[in-house]
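> quick one, fold the following:
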Amino acid sequence: MRILIATAGSRGDVAPYTGLGIRLCSAGHDVTLAADRRSADLVRQSGLDFHPLPMDRFAAAAEADPARSGGRPGGAQGPLSPVEQMRLAREFAPLMADALARACASRAEALLVSGSLAPLGLVAAEGLGLPCLGVFLQPLAPTREFPPVIAGMPSCGPAGNRIAGQCAQGVLAAAFKPGVRHLRRMLGVRSAALRRRGSVWPVCHGFSPAVVPRPADWRQGMDVVGYWWPPEPPGWEPPPRLRDFLASGPPPVYVGFGSMSPSDPDRLGRLIAHALKLAGVRGVVHSGRAGLHVEGDDVLTVAEVPHTWLFSRMAAVVHHAGAGTTGAGLRAGVPQVPVPVMLDQPFWASRLAALSVSPGAVPFRGLSAPILAEAVRSAVREDQYVRRARQVSAVVRREDGACRVVSAVERLAGHSG
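Residues are numbered from 1 along each chain as shown. You can find the predicted model right below:
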């Protein structure tokens, strides 16, 4: 079967789907992954076909948006606020809707769609008569058990959590409304048919039930199946400089912020260097999109290195708590220090603390070297975090989330047939 996997976002929003696509290919399916053009090399190196979606135009608009620099140190760019993201999403939703519909029409007998594109994917699947499966990296449906993950808010109690989740769903629906309306008109999709499909379509969540148990109040058909691990690039070898650094002393602490773009990367680099020195640990710093650079006898800055290879060689990992990086740290079995910046990152940080693999979140806003150093010291030196990280790792490694998605796809194909 020809399967299209469609997702939006940065590298962390794409990489898990490469692992999922490989498993689907091994089961005999023909897989195309549709994403931002900046992910083309990542997808093709995994052996999957790639189809570009116009997210690069969305990203370019975000990076050129003058609202991003207002009130930030030195007028530098920082992460978009939720209001700014919603505004840009509404502006670009019709363009994305057209691109997704064309990709489905030319390449798909079944559609697997991420949570970031689910409202558009459901319309495209209904209009084109395609079986459709949700493949989400975050738990987006309202529940009494925790607040909406994209809101970065504390629990409001069971009733308040569910109401807040429904409000968050309304905000997302408003952001996609121009694209949904455009696509419904183009494909002749009636609102009743769309509501009917949306109420029963199957959704697989790509994280471990040991990390986020399936909420008891979710409807039937929404499952938590386990992580989808991205592959290491074929033929990849660590740079000699990195190998030499790791061999020259005790395991260092990883520090990286992925695709986050802090307003003052030079200041952040100095803060990281000071924190590592205060904590008395060596460090490996990922330059990332921010272009961080920290060098010294006990610190090495690296470009992209597969988390699978690197994290298991660390004493602890400090990161922005994106869904993919959080999962990679759990798989590696090392303590984590989350420094959440936005959206779902505070949620994943709270899960790490609840699992006792972390001394707790160190919010990016107000970050200081002494605070970060204290968290790193606790993560590295307190046995409870090391012991618990190894226990959780053993659990998530036994799970096979991709296998369960393959089974769900084959059930979809059977029902469609």
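> drop to CA atoms for contacts and neighbour counts, all remaining ones
Will do.
> quick one: low-confidence parts of the chain?
For the chain, the stretches flagged by pLDDT under 70 are 55-83, 415-417.
> and the longest strand for it?
As assigned by DSSP state E, the longest strand anywhere in the chain is strand 30-36.
> which element follows that one toward the C-terminus?
Next helix or strand after strand 30-36 toward the C-terminus (DSSP states H and E): helix 40-45.
> counting contacts, what elements does the helix or strand encompassing Asp13 pack onto?
Element membership for Asp13 (DSSP H and E) is helix 11-26. Under the contact criterion of 3 or more C-alpha pairs under 8 Å, 6 or more residues apart in numbering; DSSP states H and E, helix 11-26 touches strand 30-36, helix 40-45, helix 323-332, helix 401-416.
> using PDB, list the CA coordinates for stretch 5-14.
Coordinates of the C-alpha atoms in stretch 5-14 are reproduced here as PDB (Å, rounded to 0.1, in the frame of the first residue of the first chain):
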ATOM      1  CA  ILE A   5       3.000  10.300   6.500                       C
ATOM      2  CA  ALA A   6       2.500  14.000   6.800                       C
ATOM      3  CA  THR A   7       4.000  16.200   9.600                       C
ATOM      4  CA  ALA A   8       4.900  19.800  10.300                       C
ATOM      5  CA  GLY A   9       7.700  21.300  12.400                       C
ATOM      6  CA  SER A  10      11.400  21.100  13.000                       C
ATOM      7  CA  ARG A  11      13.700  18.100  13.000                       C
ATOM      8  CA  GLY A  12      12.300  16.800  16.300                       C
ATOM      9  CA  ASP A  13       8.900  16.700  14.800                       C
ATOM     10  CA  VAL A  14      10.100  14.700  11.800                       C
END
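> name the residues that touch that stretch?
Contacts to stretch 5-14, defined as C-alpha atoms under 8 Å, 6 or more residues apart in numbering, come from residues 17, 21, 31-36, 39, 55, 100, 111-117, 137, 258-259, 322-325.
> just how off-centre is that stretch within its chain?
8 Å (C-alpha atoms, centre = their mean, to the nearest Å).
> for Glu126, which of the helices and strands packed on helix 11-26 is the nearest?
Closest approach to Glu126 among the helices and strands packed on helix 11-26 is made by helix 401-416 (12.5 Å; C-alpha to C-alpha).
> and the closest one, what's buried?
401-406, 408-410, 412-413 (16 or more other C-alpha atoms under 10 Å).
> and of those residues, the nearest to Val281?
Ranked by distance to Val281 (C-alpha to C-alpha), those are led by Gly401 at 35.0 Å.
> is it true that that closest one touches Asp223?
No - the pair Gly401 / Asp223 is not scored as a contact, 10.4 Å apart, by C-alpha atoms under 8 Å.
> can you get me a residue count around Met260?
Neighbour count of Met260, defined by other C-alpha atoms under 10 Å: 17.
> contact partners for it?
79, 288-290, 320, 341.
> report the buried members of those residues.
79, 288, 290, 320, 341.
> turn these into TSV, including distance to Ala105.
Output for those, formatted as TSV (distance: C-alpha to C-alpha, whole Å):
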residue	distance to Ala105
Pro79	34
Gly288	35
Ala290	37
His320	37
Val341	37
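> in the longest helix anywhere in the chain, what's buried?
Ranked by number of residues, the top helix in the chain under DSSP state H is helix 157-187. Neighbour-count burial for helix 157-187, counted by 16+ other C-alpha under 10 Å, picks out 160-166, 168-169, 172, 174-184.
> so Leu112, which state does it fall into?
With DSSP: H, G, I helix; E, B strand; the rest coil as the basis, Leu112 sits in strand.
> scratch that, Gly249 is what I was asking about
coil.
> tell me how many other residues crowd it.
10.
> again with Arg219
12.
> backbone dihedrals for it, please?
Dihedral angles of Arg219 (phi, psi; degrees, to the nearest 10) stand at phi -70, psi 160.
> report the contact partners of Ala389.
Contacts of Ala389 (C-alpha under 8 Å, 6+ apart): 330, 333-335, 356-357.
> now render the buried residues of helix 401-416 as TSV, adding distance to Arg44.
Listed next are the buried residues of helix 401-416 as TSV, based on distance: C-alpha to C-alpha, whole Å:
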residue	distance to Arg44
Gly401	22
Ala402	19
Cys403	22
Arg404	24
Val405	21
Val406	21
Ala408	25
Val409	22
Glu410	24
Leu412	26
Ala413	26
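> noted, bye for now.
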